[in-house]
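A.B. asks: predicted model follows, preceded by the sequence.
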Amino acid sequence: QVQLVESGGGLVQAGDSLRLSCTASGRTFSSYAMGWFRRAPGKEREFVAGVTWRRGITFYADSVKGRFVISRDNPANTMYLQMNSLRPSDTAVYYCAAGRLITDQAPQYDYWGQGTQVTVSS
């Protein structure tokens, strides 16, 4: 079992930055691919970014590419999402997830955090 806890959400203005954290406990964090997803009101959950467990290769949704940066610190059992140039369309609940393979498909992830709200005002 892996337990994931997100933090760092909040209310910001368009153009601001936020950094989300996802802290893991339980089984070996470094053995899992990690991802960030988000769910906006009235919309389906969507992939935001992912990072592989061994070499730290990163992947991004087109909507956040160039603005968001995903990273992980395996010794600290923590993953981050640095979000820059935030837009109102980034408003959502953000979830971190852990799985065996890096993918943009949510059902492929085995463990999920409870989510953290990010609200971007215009």
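C.D. replies: Perfect, I can see it now.

A.B. asks: what is the nearest residue to Ser7 once chain neighbours are set aside paired to in the beta sheet?
C.D. replies: Leaving aside its sequence neighbours, Ser7 sits nearest to Ser21 (C-beta to C-beta, 6 or more residues apart in numbering; 5.0 Å). To be clear about C-beta, it is placed using only N, CA and C from the backbone, and glycine gets the same treatment. Ser21 forms beta bridges with Ser7, Tyr80, as assigned by DSSP bridges.

A.B. asks: residues near Ser21, how many?
C.D. replies: Applying other C-beta atoms under 10 Å, we find 17 residues neighbouring Ser21.

A.B. asks: with Tyr109 instead?
C.D. replies: 24.

A.B. asks: can you pull the contacts of Thr78?
C.D. replies: 21-24, 72 (C-beta atoms under 8 Å, 6 or more residues apart in numbering).

A.B. asks: try it again with 6 Å
C.D. replies: With contacts defined as C-beta atoms under 6 Å, 6 or more residues apart in numbering, the neighbours of Thr78 are 21, 23.

A.B. asks: before we move on, the earlier item: can you give me the distance of the residue nearest to Ser7 to Pro88?
C.D. replies: Counting by C-beta to C-beta, to the nearest Å, the gap from Ser21 to Pro88 is 23 Å.
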